[in-house]
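J.: The following comprises the amino acid sequence and a computationally predicted model.
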Amino acid sequence: MTSVSTSLDAGRHAIRDAAIADLGGLRARHPAAFATSVGKRVLTIGILVAAVLLALGAMVWLDFSLVRIWNGLHRLGQFAVLMIPPMPEGRFEAFSIALGETLAIAFLGTLTAAILAFPVAFLAAKNVIPNIFVHFGMRRTFDVFRSVDTLIWALMWINVVGLGPFAGVLAIACADFGAFGKLFSEAIEATDNKAVEGIAASGGGKAHQVRFGLVPQVFPVIASQVLYFFESNTRSATIIGIVGAGGVGSYLTELIRVLELKQVAFLILMILVTVAIIDFVSSKLRMAVIGKSKMV
Amino acid sequence: MATAIAKLPDQQAAALRRAYAQSVSAKRMKLLAALAVLAILIVISAQMADVRLGKLVANIGNFGSFISRTLPTITFDNFFGDIRAWYWNFGGWFRLLVETILIAYLGTLLGGVIAFCLCFFAAANLVRHKTTRFVARRVLEFCRTVPDIVFALIFVIAFGLGPMAGVLALTIHTAGALGKLFAEVVENIDMKPVEGLAATGASWLQTVRFAVLPQVSAGFASYGLLRFEINVRGAGVMGFVGAGGIGQEFLIAIRNFYYTDVSAILLMIIVTVILIDLGTEQIRHRLIGMERMR
């Protein structure tokens, strides 16, 4: 094995050396391959330089200092040592319950958002409602819902239903309502119009066209998107407790603030394992859903 | 040209109906089973998440009154004066908003650079060495799974309060998220240029530079811009844990019931996010067009 690779390497070097020795000849024979387009190069370098300059300016504005970074890295090293070994220290049961609550928040939030967004998305699809005011208005409504972060939604819902996981469910439902509305309506617009026309030709009304022409086409896409969002929401539900909206986040915040780093490390490991399991299950389910649509 | 469609005889119609019912019955059963499982899951998780619909219904009016209390009183007579009173701290908030965008920019850029360096090691078509690939992929996965705000919580203690902690937290999370996407882009390239360069005796680095990079740069830029959008939202809430940006001001406003401040800041955040979304969407469409033309 090694002899093969060394001989390969030798061969490689031989070709390269020969090519480099004949560089002048190559240049003369293939001028097009060696020509560089000046405009393109200037543009690339210009963009890179601008990006770096902006970054340096941002660092100055944001008070970056090497001393602080150095001290911080030193402290992070200390934290890493304090994290080992990860230990629950008698709180395994409490952590598990909080994780279950996190999963419940993610599940209910995603489901509520999907159920609310599904009918509304049809209003925002150009091929269902041709009226520009309706679908433009719906689109912008989705944008507003989407641009408010989950944590901000959580803060607002806490004012209504009080501290606790229910506020978290409503927060995730609101933030995802916007995202789902956008994705669903795009999925509806990407459908093949032939099925709808066929149903119209056989005497189906508008409702029939949507039910039998559109829904079977978009359902697998939508189901797969919902599962994907459930995955990502398990991640956001772990942090929603930071503002007091339930789940494992409240433990995380408190334990980090009092530097109980062994428990923090254990809790993060628990989150990683849970997220990995959810990812696995949901990717299997997604495969099943998409596969079914291909068979039909 | 109207043509009368002959009605099917009853017998034939009944036979058709039966055949249809038979062909969909298996599917119906599956759907019902899935719905039943879903219902059970809903009941269990509603129990765990402490869902009290009664409380929601009873307090839903609070949401309305909360929203209405955040709305400023703007009269026609004193329009500009009222606007000025509503946005009494516009200068300060605007500064914080710029700070938020800069946090997102730096986090995206630094994270993108790290992701760029790591993604080639995580791509199956460029790295044959299994251990290298495994390590690169696990590192990216760890960075991506731990939420950015958790990193921010730890970094605030290590590096001190302020935007630097937020930037570093976003950097690590972005490196993980972009690294995975970048690696997928690299795995989807056309391998012919790579083989061609390898045949001329190019080293690994030269292959990456001249065969891989021209194929992936548009995809990388597009994903980077998408991440910048997400990071602007993320940077908006970094202030909740003291890691810079406009979040801190918003938290203070909502905790202390400065109602009109809440709506003023929220409106600024929403407008900024939507503007950035629209801008990056334009650039991304152009990038994708460039890729198609090639």
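T.: Looks like it arrived, so ask away. Here the structure is a predicted model, which is why all the values come from computation and not from measurement.

J.: Next up, phi/psi of the residue of the stretch 1-150 of chain B found nearest chain A, please.
T.: Distances between the stretch 1-150 of chain B and chain A by Cβ to the nearest Cβ are smallest at B:S45, namely 3.4 Å. Any C-beta I mention is one placed from the backbone N, CA and C, and that applies to glycine too. Geometry field for B:S45 lists phi and psi as phi -70, psi -30, criterion degrees, to the nearest 10.

J.: tell me which element the residue nearest to it when sequence neighbours are not counted is part of?
T.: For B:S45, ignoring the flanking residues on the chain, the nearest one in space by Cβ to Cβ, 6 or more residues apart in numbering or on different chains is A:A104 at 3.4 Å. If you go by DSSP states H and E, A:A104 is part of helix A:92-123.

J.: buried ones in the lowest-mean-pLDDT helix or strand in chain B?
T.: Within chain B, no helix or strand scores below helix B:53-70, which has a mean of 78 by mean pLDDT, DSSP states H and E. The neighbour-count check on helix B:53-70 (16 or more other Cβ atoms under 10 Å in any protein chain shown) flags B:56, B:59, B:63, B:66, B:70 as buried.

J.: now the residue nearest the centre of chain B: how far from A:V160?
T.: Residue closest to the average C-alpha location in chain B (Cα atoms, centre = their mean): B:I230, at 4.5 Å. When distances are taken as Cβ to Cβ, to the nearest Å, B:I230 and A:V160 turn out to be 27 Å apart.

J.: With A:M270 instead?
T.: 31 Å.

J.: Next: B:G245.
T.: Computed with Cβ to Cβ, the distance linking B:G245 and A:V160 is 25 Å.

J.: residues in contact with A:I152?
T.: B:236-237, B:250, B:266, B:269 (Cβ atoms under 8 Å, 6 or more residues apart in numbering or on different chains).

J.: and the two most separated of these?
T.: Largest separation among the contacts of A:I152 by Cβ to Cβ: B:V237 and B:L266, giving 12.2 Å.

J.: Counting neighbours, what do you get for B:V24?
T.: 11 (other Cβ atoms under 10 Å in any protein chain shown).

J.: Backbone dihedrals for it, please?
T.: Given degrees, to the nearest 10, the pair of backbone angles that B:V24 has is phi -100, psi -10.

J.: Quickly note the distance from it to B:R18.
T.: 11 Å.

J.: Same question for A:I84.
T.: Distance, A:I84 to B:R18, using Cβ to Cβ: 69 Å.

J.: May I ask which helix or strand encompasses the nearest residue to A:R91 once chain neighbours are set aside?
T.: Computed as Cβ to Cβ, 6+ apart, the closest residue to A:R91 that is not its neighbour in sequence is A:Q263, at 6.4 Å. Element membership for A:Q263 (DSSP H and E) is helix A:261-295.

J.: so what's the backbone phi/psi at A:Q225?
T.: Here is the backbone geometry of A:Q225 (degrees, to the nearest 10): phi -70, psi -40.

J.: doesn't A:F180 make contact with it?
T.: Yes. Proximity of A:Q225 to A:F180 meets the contact threshold set by Cβ atoms under 8 Å, at 7.3 Å.

J.: Between these two, which is the more surrounded one?
T.: A:F180 (27 against 19).

J.: Can you list the low-confidence ranges for chain A?
T.: With pLDDT under 70 as the threshold, chain A has low-confidence stretches at A:1-12, A:36, A:291-296.

J.: the inter-axis angle of the host helix or strand of A:L151 versus helix A:92-123?
T.: Of the helices and strands defined by DSSP H and E, A:L151 is found in helix A:150-161. Following axes from the mean of the first three to the mean of the last three Cα atoms, to 10 degrees, one obtains 100 degrees for the angle between helix A:150-161 and helix A:92-123.

J.: rewinding a little: inside helices: which ones of the contacts of A:I152?
T.: Secondary structure from DSSP state H places B:236-237, B:250, B:266, B:269 of those in helices.

J.: hmm, back to that, what residues are up against the residue nearest to B:S45?
T.: Applying Cβ under 8 Å, 6+ apart, we find A:A104 in contact with A:165, A:169, B:44-49.

J.: got a winner among those residues for most neighbours?
T.: Neighbours here are counted as other Cβ under 10 Å. On that basis the top member of those is A:V169, with 34 neighbours.

J.: Would you confirm that that one contacts A:T112?
T.: Yes. Shown here, A:V169 and A:T112 form a contact pair, counting by Cβ under 8 Å, at 6.9 Å.

J.: Where does the record place the domain boundaries for chain A?
T.: Split into domains by automatic domain parsing, chain A comes to A:2-83, A:92-295.

J.: Between B:G245 and A:V160, which has more neighbouring residues?
T.: The neighbour count for B:G245 versus A:V160, taken as other Cβ under 10 Å, is higher for B:G245 (29 against 20).

J.: Now do the phi/psi pair for B:E195.
T.: Dihedral angles of B:E195 (phi, psi; degrees, to the nearest 10) stand at phi -60, psi -40.

J.: Please disregard the earlier target; I meant B:S203.
T.: B:S203 has phi and psi values of phi -80, psi 170 when expressed as degrees, to the nearest 10.

J.: how close does it get to chain A?
T.: Remark: distance between B:S203 and chain A (Cβ to the nearest Cβ, to the nearest Å) = 8 Å.

J.: what kind of secondary structure is the residue positioned nearest the centre of chain A in?
T.: Compute the mean C-alpha point of chain A, and by Cα atoms, centre = their mean the closest residue is A:S232, 6.2 Å away. Secondary structure of A:S232, reduced to three states by DSSP: H, G, I helix; E, B strand; the rest coil: helix.

J.: circling back: how many neighbouring residues does the residue nearest to A:R91 have?
T.: Using other Cβ under 10 Å as the criterion, A:Q263 is surrounded by 24 other residues.

J.: quick one: it and A:P88 touch, right?
T.: Yes. The pair formed by A:Q263 and A:P88 meets the contact definition of Cβ under 8 Å, at 6.5 Å.

J.: okay, the angle between the helix holding A:A104 and helix A:261-295?
T.: Between the axes of helix A:92-123 and helix A:261-295, defined by the same axes, to 10 degrees, the angle is 40 degrees.

J.: What residues sit buried inside helix A:92-123?
T.: The neighbour-count check on helix A:92-123 (16+ other Cβ under 10 Å) flags A:95, A:98-114, A:116-118, A:120-123 as buried.

J.: Distance-wise, check the residue nearest to A:V289 when sequence neighbours are not counted relative to B:M29.
T.: Nearest non-adjacent residue to A:V289, counting by Cβ to Cβ, 6+ apart: A:A223, 4.7 Å away. If you measure A:A223 against B:M29 using Cβ to Cβ, the figure is 18 Å.

J.: between these two, who's got more neighbours?
T.: Relative neighbour count places A:A223 above the other of A:A223 and B:M29, with 18 against 10, counting by other Cβ under 10 Å.
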